[in-house]
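1. I'd like to go over a predicted model; first the sequence, then the structure.
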Amino acid sequence: MNNIIEKLQGEKELLAKEFAGLLKDNQDPKVYFKKKKYDEYFEKYCSQHKAVFEHITECWEEISKLDGDDIVSNQSELLYKLAYSMSEAARVDVEALKGLKKGSRQGELNLFIVTSVFPCTLKLGKVYGEELCKEIVNEWGKAFPGTELGYADFDKLKSGFRSFWGFFTGR
């Protein structure tokens, strides 16, 4: 049993790095978070990172084979490590900047998490997705005090886009 738990510890560390990698090379959300572009962007983002979520799912299933309390503690630890690694990577990224760039980058990352990471996590991590999103919200708040994120799936975000018919009168 100890060998399995030790192996899982190594897996959790590797997964935390992989999950934090979801922030790398992120696009400015102002480019893709538009009604006509979001569908294509989201599908591409999820397909690019599908392997990370498959790896997390494999680890989750291995943890599920443990006994009683070991399952809960190892699942909680996995979720914490994933969320902490992502929020810490974002914090380090933002802290490296100065002045207005710092606030701009944090806002960009906040929107990226909400429009990309959360809905992809909910789509590809069906078993653990909601709990992982809650943990990210918690750790993000610690990394960026005063910042409150909310999470939603793709359909809910997409339904928030408005269609305007007619013309504006200025009133």
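-> Cool, got the structure.

2. This protein: strands as residue ranges?
-> Using DSSP state E, the chain contains no strands.

3. buried stuff in the worst-scoring helix or strand of it on mean pLDDT?
-> Within the chain, confidence by mean pLDDT, DSSP states H and E is lowest for helix 29-32 among all helices and strands, at a mean of 79. By neighbour count on 16 or more other CB atoms under 10 Å, the buried set for helix 29-32 is 29, 32. (Glycine included, C-beta is placed from N, CA and C.)

4. Just give me how far that helix sits from the chain centre.
-> Offset of helix 29-32 from its chain centre (CA atoms, centre = their mean, to the nearest Å): 17 Å.

5. which strands and helices sit next to that helix?
-> helix 99-112 (3 or more CB pairs under 8 Å, 6 or more residues apart in numbering; DSSP states H and E).

6. buried stuff in the helix it packs on?
-> 105-106, 108-112.

7. Alpha carbons only: can I get it in CSV?
-> Output in CSV follows, covering the C-alpha atoms of helix 99-112 (Å, rounded to 0.1, in the frame of the first residue of the first chain):
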residue,chain,number,x,y,z
GLY,A,99,3.0,49.2,-12.5
LEU,A,100,0.0,49.0,-14.8
LYS,A,101,1.3,45.9,-16.6
LYS,A,102,0.8,44.0,-13.3
GLY,A,103,-2.9,44.8,-13.0
SER,A,104,-3.5,44.3,-16.7
ARG,A,105,-1.8,40.9,-16.6
GLN,A,106,-3.8,39.8,-13.6
GLY,A,107,-7.0,40.8,-15.2
GLU,A,108,-6.1,38.9,-18.4
LEU,A,109,-5.3,35.8,-16.4
ASN,A,110,-8.5,36.1,-14.4
LEU,A,111,-10.5,36.2,-17.6
PHE,A,112,-8.4,33.4,-19.1
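
8. And it, what does it pack against?
-> Counting by 3+ CB pairs under 8 Å, 6+ apart, helix 99-112 packs on helix 29-32, helix 68-95.

9. can you rerun that using 10 Å?
-> Under the contact definition 3 or more CB pairs under 10 Å, 6 or more residues apart in numbering; DSSP states H and E, helix 99-112 sits against helix 29-32, helix 68-95, helix 129-143.

10. Mind putting those helices into a markdown table with distance to residue 49?
-> Output for the helices and strands packed on helix 99-112, formatted as a markdown table (distance: least, CB to CB, whole Å):
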| stretch | distance to residue 49 |
| --- | --- |
| helix 29-32 | 15 |
| helix 68-95 | 12 |
| helix 129-143 | 13 |
